[in-house]
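In: When you get a sec, could you give me coordinates for this:
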Amino acid sequence: MLHRGRENTDGAGDGELAVPMAWLYAEYIADELLRSGDLMPPTSFEFRAGRDALALTVFLSDTDGELSGIRVITQMETWLSLTAYDQPWQEWVQGRLADLAADAAASGRNAPDPDLELAREAWRWLRETELLAPDLNAVPGGAAGSGEDEGPKVWTPAWQLGLPLGHLAIHLF
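Out: Model prediction:
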């Protein structure tokens, strides 16, 4: 199932609808990885954060626009390294989005790239949305309750929750 997402979505100017196949495929891969890990309910905001972070990683790491079903397995190590805790993932995402926008501008296409637009929207949501999460930096032995939901919580950007969730889903696959 080979697709050339960035070539098939340029909206050839014949009044055809430009379908963001590269983004939709990346989102599908991310969704399947997260569902197979069974880490969060698919209806939760945490799941969405993980799916969007993982979809961005999949989409932006596909530099040739040729992600095929068989190549997904060969890309797992790349995705694991990009989503690892000690990596500057957010800077990488911003850099890759800027590179893709520059490539689109240099190509002289009149219509915006729908794949790139959906990736930008996912990144905007991940940056601007904050989710209430356990405070992993809280002082041990503090006034935390005995239950998981009773400990100290902090508002955290969605990407900071979604990225480790996506990393774990890849690892569990």
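
In: in this protein, which residue is closest to the centre?
Out: residue 53 (2.4 Å; Cα atoms, centre = their mean).

In: Could you point out the helix or strand that follows the helix or strand residue 133 falls within?
Out: In this structure, residue 133 sits in strand 130-134 according to DSSP states H and E. Following strand 130-134 in sequence order, the next helix or strand is strand 153-157 (DSSP H and E).

In: same for that following strand, what does it pack against?
Out: For strand 153-157, the elements it packs on are helix 114-128, strand 130-134, judged by 3 or more Cβ pairs under 8 Å, 6 or more residues apart in numbering; DSSP states H and E. Every C-beta, even on glycine, is put in place using the N, C-alpha and C of the backbone.

In: helices or strands up against whichever helix or strand comes after it?
Out: Under the assignment DSSP H and E, the closest C-terminal helix or strand after strand 153-157 is helix 158-172. The helices and strands touching helix 158-172, judged by 3+ Cβ pairs under 8 Å, 6+ apart, are helix 21-37, helix 45-61, helix 69-83, helix 89-107, helix 114-128, strand 130-134.

In: Determine which stretch of these is the most buried.
Out: helix 45-61 (a mean of 24; mean count of other Cβ atoms under 10 Å).

In: Fine, thanks again, bye for now.
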